[in-house]
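Visitor: Okay, here's the prediction I keep looking at, along with the sequence it came from:
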Amino acid sequence: MLVSRHLTKSFGRLRALDDVGVSMERGQSVLLIGPNGSGKTTFIKCVLGLVIPDKGELTLDGTCLLDNPTLRRNIGYMPQIGRFPDHLKVGQIIEMMREIRRGTHIRSDEDLIDAFEIGKLAHKTARTLSGGMRQKLSACLAFLFDPEILILDEPTAGLDPLAAEILKEKVRAERAKNKLILLTSHILSDLDEITSDVLYLIDGRIRFYRPIAELFEEHGDPKLGRVIAKIMRETADA
Amino acid sequence: MLKIVKYVIRDIIRSRIIIAYALILLAASFGLFNLGGDVSKGLIGMLSLVLLVVPLVCLIFGTIHFYNSYEFIELLASQPLKRGTILMGEYLGVALALCGALLLGAGLPVLLYAATATGFTLLAVGLALTLIFVAIAFLGAVATRDKARGVGMAMLVWFYFALLHGGLMLLILFAFEDYPLEKPTMAMIALNPIDLGRVVVLLQMDVSALMGYTGALMKDLLGTTTGIASAAGILTLWLLIPLALACWIFRKKDL
Ligand SMILES: Nc1ncnc2c1ncn2[C@@H]1O[C@H](COP(=O)(O)OP(=O)(O)OP(=O)(O)O)[C@@H](O)[C@H]1O
Ligand SMILES: [Mg+2]
């Protein structure tokens, strides 16, 4: 459903994305990994229309994403850093998002709002939220409109273990509803249980894009962290 | 867009900075009207205050607001919204909030002490400068990634329009005093929205002694009505061009 072809983006002389072509389908949960600065966030931002690619195309079910901002109604996004207008209350921020998205979705999904007990925070202003609370609010907003595609940038960073578990459980449930999930993380052990495929970027190029089960089988090791470390060592040796 | 405007204004009103701005204007205005004793002196004082303070506050506040909202703008841009809608929503929120503060801080005293055509012209100029300088602030902030540089640039813009431009104009006038300078002077006035604002109020005031060279010249060449109308027209350009440029850059900007 989500396809990129020859996606290329440079910042000045730096190639952040170099001819990236991938195809992702409903029901997949793709874990985007790679060293710092390898282009993960840039790829995600291209999908969301936040970064405008120099070359290549991005399509959602065959329709160009860049020219059609309304297609983003199908996407829920949890940014790496969530910041909200300092003086708005949590309740107002949620209300505002609902107003903005009115008429663009069929069903609201408040599972996370309930699970994270956001109601208790409703009267806090955004400025006074802790890092983890912000993450929780970001997560709630990403899932709120029951989107077909969920894009989560380092979703568990900053969450306490209980909250991280709730979020992972939610991701698993959504994937079971035949949605597409796209995540990034540096803590590989964290998300491998909810991952179906691994997309490995280095210097803006795809190093590999494979089902996680295949990787485990090939390396005879069910730990993603160790498998990736092994592949990186092999690459360095070669 | 109106939905965004609504929440931006709500956020700004709670920030107290805008309340402080309104209250300081209010205190200064009452001071000016009461100290001078005479209403027209009070208005002249108000004119200087508005021409100096409004652009400064709008530039700095607008710029800082944009940078502080960066992550939130990013979140909005990931929603099914057009970039233009987001920028205009943020712009109108900031500009309207600052207009509200001006109406409270300067409008109330004018209403009480100087509810005359001149008083209202002064207010209209203040509102126009608010819209214009918030637009310029947004243009600068959209074009510059780095916050420190953006704020520095906003201050330079203020310094130029509020202080440097006038000095430069005098310098040119003295240097070329043997030549006919009406047209170049007019052009130079048109290149500074603050000067334009001053001319509009002074034309309306009709106090030739206080008008100085530029005001007298405008009046000579254009007469009061045409003078005010053409100044208003140019001020409109000062609003629309920065705003259009900001939108154009923002549409292609990598967030
Ligand atoms: N707006 C920008 N302007 C200039 N360079 C940028 C910009 N955004 C990203 N880059 C550069 O592009 C490269 C890829 O960055 P990106 O954020 O995609 O990396 P990443 O894989 O997400 O890294 P991390 O693991 O640290 O999050 C980096 O070298 C970064 O410095
Ligand atoms: Mg990143």
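Guide: Received it, and whenever you're ready, just let me know what you need. Ligands and ions are numbered 1, 2, ... in the order given.
Visitor: Tell me the residues of chain A that contact chain B?
Guide: Proximity of chain A to chain B is confined to A:11, A:45, A:48-52, A:69-73, A:75, A:77, A:79, A:81-88, A:92, A:96-97, A:99-101, A:104, A:125, A:141 under the rule Cβ under 8 Å from any Cβ of the partner chain. Quick note: C-beta positions are derived from backbone N, CA and C, even for glycine.
Visitor: Regarding the residue in the stretch 101-250 of chain B positioned nearest to chain A, what is its secondary structure?
Guide: Residue of the stretch 101-250 of chain B nearest chain A, by Cβ to the nearest Cβ: B:Arg145 (10.7 Å). Recorded secondary structure, B:Arg145: coil (DSSP: H, G, I helix; E, B strand; the rest coil).
Visitor: count of residues packed around it?
Guide: When counting by other Cβ atoms under 10 Å in any protein chain shown, one arrives at 12 neighbours for B:Arg145.
Visitor: On the pLDDT front, check the closest residue to ligand 1 within the stretch 151-255 of chain B for me.
Guide: Across the stretch 151-255 of chain B, no residue is closer to ligand 1 than B:Asp254, which sits at 4.9 Å (Cβ to the nearest ligand atom). With respect to pLDDT, B:Asp254 has a value of 92.
Visitor: doesn't A:Gly49 make contact with it?
Guide: No. Counting by Cβ atoms under 8 Å, B:Asp254 stays clear of A:Gly49, with 10.5 Å between them.
Visitor: ok, the two, which is more surrounded?
Guide: Between B:Asp254 and A:Gly49, counted using other Cβ under 10 Å, the more crowded position is A:Gly49 (22 against 14).
Visitor: Now do the contacts for residue 143.
Guide: Reading this off chain A. A:76, A:109, A:111-112, A:150, A:170, A:174 (Cβ atoms under 8 Å, 6 or more residues apart in numbering or on different chains).
Visitor: Hmm, no, I was thinking of chain B.
Guide: So B:Ala143 contacts B:246, B:249 (Cβ under 8 Å, 6+ apart).
Visitor: What separation is there between B:Pro55 and chain A?
Guide: 25 Å (Cβ to the nearest Cβ, to the nearest Å).
Visitor: Spatially nearest residue to that residue, not counting backbone neighbours?
Guide: Once flanking residues are discounted, B:Pro55 sits nearest to B:Phe133: 4.6 Å by Cβ to Cβ, 6 or more residues apart in numbering or on different chains.
Visitor: Surely the one you found and B:Ile60 touch.
Guide: No. Look at B:Phe133 against B:Ile60 with Cβ under 8 Å: they stay out of range, at 9.6 Å.
Visitor: packing partners for the lowest-mean-pLDDT helix or strand in chain A?
Guide: Here the helix or strand of chain A ranked lowest by mean pLDDT, DSSP states H and E is helix A:188-191, holding a mean of 77. Here helix A:188-191 touches strand A:29-33, helix A:224-237, going by 3 or more Cβ pairs under 8 Å, 6 or more residues apart in numbering or on different chains; DSSP states H and E.
Visitor: Export these to CSV and append columns for mean pLDDT, mean neighbour count and distance to B:Ala187.
Guide: Below are the helices and strands packed on helix A:188-191 laid out as CSV (pLDDT from 0 to 100; neighbours: other Cβ atoms under 10 Å in any protein chain shown; distance: least, Cβ to Cβ, whole Å):
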stretch, mean pLDDT, mean neighbour count, distance to B:Ala187
strand A:29-33, 93, 22, 56
helix A:224-237, 81, 13, 64
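Visitor: Please state the backbone phi and psi of the residue of chain B most remote from its centre?
Guide: Distance to the chain centre peaks in chain B at B:Asp178, reaching 34.0 Å (criterion: Cα atoms, centre = their mean). Main-chain torsions, B:Asp178, degrees, to the nearest 10: phi -80, psi -10.
Visitor: Tell me which stretches of chain A form strands.
Guide: Remark: strands assigned in chain A by DSSP state E are A:2-11, A:14-24, A:29-33, A:55-60, A:63-64, A:75-78, A:149-153, A:180-184, A:197-202, A:205-211.
Visitor: Could you provide these in CSV, with additional columns for distance to ligand 1?
Guide: Formatted as CSV, the strands of chain A follow (distance: least, Cβ to the nearest ligand atom, whole Å):
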stretch, distance to ligand 1
strand A:2-11, 3
strand A:14-24, 4
strand A:29-33, 8
strand A:55-60, 15
strand A:63-64, 22
strand A:75-78, 14
strand A:149-153, 8
strand A:180-184, 7
strand A:197-202, 7
strand A:205-211, 12
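Visitor: where does the stretch 1-150 of chain B have low pLDDT?
Guide: Applying pLDDT under 70 to the stretch 1-150 of chain B picks out residues B:36.
Visitor: Could you rerun that using 80?
Guide: B:36-37 (pLDDT under 80).
Visitor: same question, chain A
Guide: For chain A, residues meeting the criterion pLDDT under 80 lie at A:103-106, A:188-190, A:192, A:232, A:234-238.
Visitor: rewinding a little: more crowded one of B:Phe133 and B:Ile60?
Guide: When B:Phe133 is set against B:Ile60 and neighbours are counted by other Cβ under 10 Å, the residue ahead is B:Phe133, at 30 against 17.
Visitor: so what's the more buried one up against?
Guide: For B:Phe133, the contacting residues are B:54-55, B:58-59, B:62, B:193, by Cβ under 8 Å, 6+ apart.
Visitor: Who are the contact partners of the most centrally placed residue in chain B?
Guide: Central residue of chain B (Cα atoms, centre = their mean): B:Leu129, 2.1 Å from the mean position. Contacts of B:Leu129 were listed using Cβ under 8 Å, 6+ apart, and they are B:50-51, B:54-55, B:58, B:193-194, B:197.
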